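[1] Build me a model:
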Amino acid sequence: QTMNELLLRLDEAREQWGQNVVIPASAAIRDYFEGPDAPRSTYDQRWYYPKDANFFDPVLVSYIVVVAIVFTLLEPIIRKMMHNKVVALTKMPKGEAIRFSESMWQFLFYLSSWLFSCYIVYDAPWFYNTYLCWEYPFPNHEVPIKVYILYVVQVGWYLHCAWCHVKHDVKKSDYWVMLTHHIAALILLYFAFITGRHRVGVLCLFTLDVCDIFLHFTKSVRFVDNTIKLPTILTTGSYLSVVFSWIYFRLWLYVKKVLYTSSFQGMHYGGWINSDGWLFYNSLLILIYIFQVYWFYLIILSGYKFVRYGDDLDDERDRTSKK
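    As a prediction, the model looks like this:
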């Protein structure tokens, strides 16, 4: 009886906190950024019902595992081809060539993935008016086949990355940060899809993946530059592309399109009564944002050492791992 009373009081406290603090705060923030006429759902009752699918969807999980296995089998084949090609063309040392092939492998994935996410969002109303991520009948929006494919490939990719990170990667200074990121990404993407939050998930992928294109291209340029001196405009320009893309997409657009949408728009649009999972998902999204700030610090640190001391534009994580 005592435990039941405690749970009841906790539930009442949660309800009061939501209605008296979270909802007014969300409304005030939306008023500030979107004006007093910010759209809100006309439904005043609970219309959030979990999707019929179980948290463990055997068909979805099977597809994801198959994709992860395919990536794991393809990676050494493609990387060996790129390794042999770059060595033949530049006489790059073996160690550098291995790292070059790793960066190019990731460059190819993120380029393909981000272009596919562009194809999904360019005509999606909820990309331009993000409150529509929560429109009725959320969370039972129809899932287009292209979104389903994107999720299967992305979750399969992060499962592959987590496996390779644990089994094969050198322990760099951000080893545990990267592993935590992979696990958080897996949890977010899988459960976002299962619970009908796939629209916000696509926004998340769109704002994050593009920076990896510039990052891995820049790293590949640096490896080639270590063997064959490239024009300064190319090496410096590629580095600056990482800096500016990171600022715009990961530090700004991610906040605008993902964090703001998930934390304030969703809460205000659907009301506290339809806020299931709000704290869980936003905690993970904020954790991922913290990782982006940390990695941006490392990127800026590399540029500072280049300007201040004349160091190479190197990966700060690699510097630590080589000590």
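[2] tell me the helices in this protein, going along the chain?
    For the chain, the helices identified by DSSP state H occupy 2-17, 23-34, 58-90, 94-121, 125-128, 145-167, 175-194, 198-225, 232-245, 254, 260, 266-270, 278-309, 316-322, in order along the chain.
[3] So for the fourth one, mean pLDDT?
    What that stands for is helix 94-121. Mean pLDDT, helix 94-121: 94.
[4] try the last one
    Mean pLDDT, helix 316-322: 45.
[5] what does the third one give?
    Throughout helix 58-90, pLDDT has a mean value of 93.
[6] got the buried residues for stretch 64-82?
    Along stretch 64-82, these residues count as buried under the neighbour rule (16 or more other C-beta atoms under 10 Å): 64, 67-68, 71-72, 75, 79, 82. (Each C-beta comes from the backbone N, C-alpha and C, glycine too.)
[7] just stretch 20-35 next, same as before
    Residues of stretch 20-35 classed as buried by neighbour count (16+ other C-beta under 10 Å): 22-23, 26-27, 29-30.
[8] Tell me, how many residues neighbour residue 250?
    Neighbour count for residue 250, taken as other C-beta atoms under 10 Å: 22.
[9] Make sure residue 131 is actually in contact with residue 265.
    Yes. Taking contact to mean C-beta atoms under 8 Å, the distance of 4.7 Å between residue 131 and residue 265 places them in contact.
[10] Contacts only, for the residue nearest to residue 165 when sequence neighbours are not counted.
    The shortest distance from residue 165 to any residue other than its chain neighbours is 5.7 Å, reached at residue 179 (C-beta to C-beta, 6 or more residues apart in numbering). The contact partners of residue 179, by C-beta atoms under 8 Å, 6 or more residues apart in numbering, come to 162, 165-166.
[11] Can you lay out those residues as a markdown table showing pLDDT, neighbour count and distance to residue 186?
    Supplementary listing: the contacts of residue 179 in a markdown table, determined by pLDDT from 0 to 100; neighbours: other C-beta atoms under 10 Å; distance: C-beta to C-beta, whole Å:
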| residue | pLDDT | neighbour count | distance to residue 186 |
| --- | --- | --- | --- |
| 162 | 89 | 18 | 7 |
| 165 | 80 | 17 | 12 |
| 166 | 79 | 11 | 13 |
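[12] so which of those comes closest to residue 200?
    Of all those, the one sitting nearest residue 200 is residue 162; the distance, using C-beta to C-beta, is 21.9 Å.
[13] Correct me if wrong: the closest one contacts residue 186.
    Yes. Taking C-beta under 8 Å as the contact criterion, residue 162 and residue 186 are neighbours in contact, 6.6 Å apart.
[14] and the gap between residue 215 and residue 243?
    Residue 215 sits at a distance of 10 Å from residue 243 (criterion: C-beta to C-beta, to the nearest Å).
[15] Also residue 196?
    Residue 196 sits 36 Å away from residue 243, taking C-beta to C-beta as the criterion.
[16] and what of residue 16?
    Following C-beta to C-beta, the distance that separates residue 16 from residue 243 is 45 Å.
[17] got it, and residue 219?
    In this structure, residue 219 and residue 243 are 14 Å apart, going by C-beta to C-beta.
[18] Look at residue 16 and residue 243 and report which has more neighbours.
    Neighbour tally, residue 16 and residue 243, criterion other C-beta under 10 Å: the higher count belongs to residue 243, 17 against 10.
[19] In space, what's closest to the more buried one - neighbours in sequence excluded?
    Taking C-beta to C-beta, 6+ apart, and ignoring the residues beside it in sequence, residue 243 has residue 299 as its nearest neighbour in space, at 6.3 Å.
[20] Count the residues that sit near the one you found.
    Applying the criterion other C-beta under 10 Å, we find 19 residues in the vicinity of residue 299.
[21] My guess is residue 270 contacts residue 138. True?
    Yes. Using C-beta under 8 Å, residue 270 is in contact with residue 138, at 7.2 Å.
[22] Just the CA coordinates for stretch 217-234, please, in PDB.
    This file holds the C-alpha atoms of stretch 217-234, laid out as PDB (Å, rounded to 0.1, in the frame of the first residue of the first chain):
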ATOM      1  CA  PHE A 217      37.200  14.200 -47.200                       C
ATOM      2  CA  THR A 218      39.500  16.500 -45.200                       C
ATOM      3  CA  LYS A 219      41.200  13.600 -43.500                       C
ATOM      4  CA  SER A 220      41.700  11.900 -46.800                       C
ATOM      5  CA  VAL A 221      43.200  15.100 -48.300                       C
ATOM      6  CA  ARG A 222      45.600  15.300 -45.300                       C
ATOM      7  CA  PHE A 223      46.800  11.800 -45.800                       C
ATOM      8  CA  VAL A 224      47.600  12.500 -49.400                       C
ATOM      9  CA  ASP A 225      49.200  15.800 -48.500                       C
ATOM     10  CA  ASN A 226      51.600  14.000 -46.100                       C
ATOM     11  CA  THR A 227      53.000  12.100 -49.200                       C
ATOM     12  CA  ILE A 228      52.400  14.500 -52.100                       C
ATOM     13  CA  LYS A 229      52.300  18.200 -51.200                       C
ATOM     14  CA  LEU A 230      49.000  19.500 -52.200                       C
ATOM     15  CA  PRO A 231      48.000  23.200 -52.800                       C
ATOM     16  CA  THR A 232      47.500  25.000 -49.500                       C
ATOM     17  CA  ILE A 233      44.100  26.300 -50.700                       C
ATOM     18  CA  LEU A 234      42.900  22.600 -50.900                       C
END
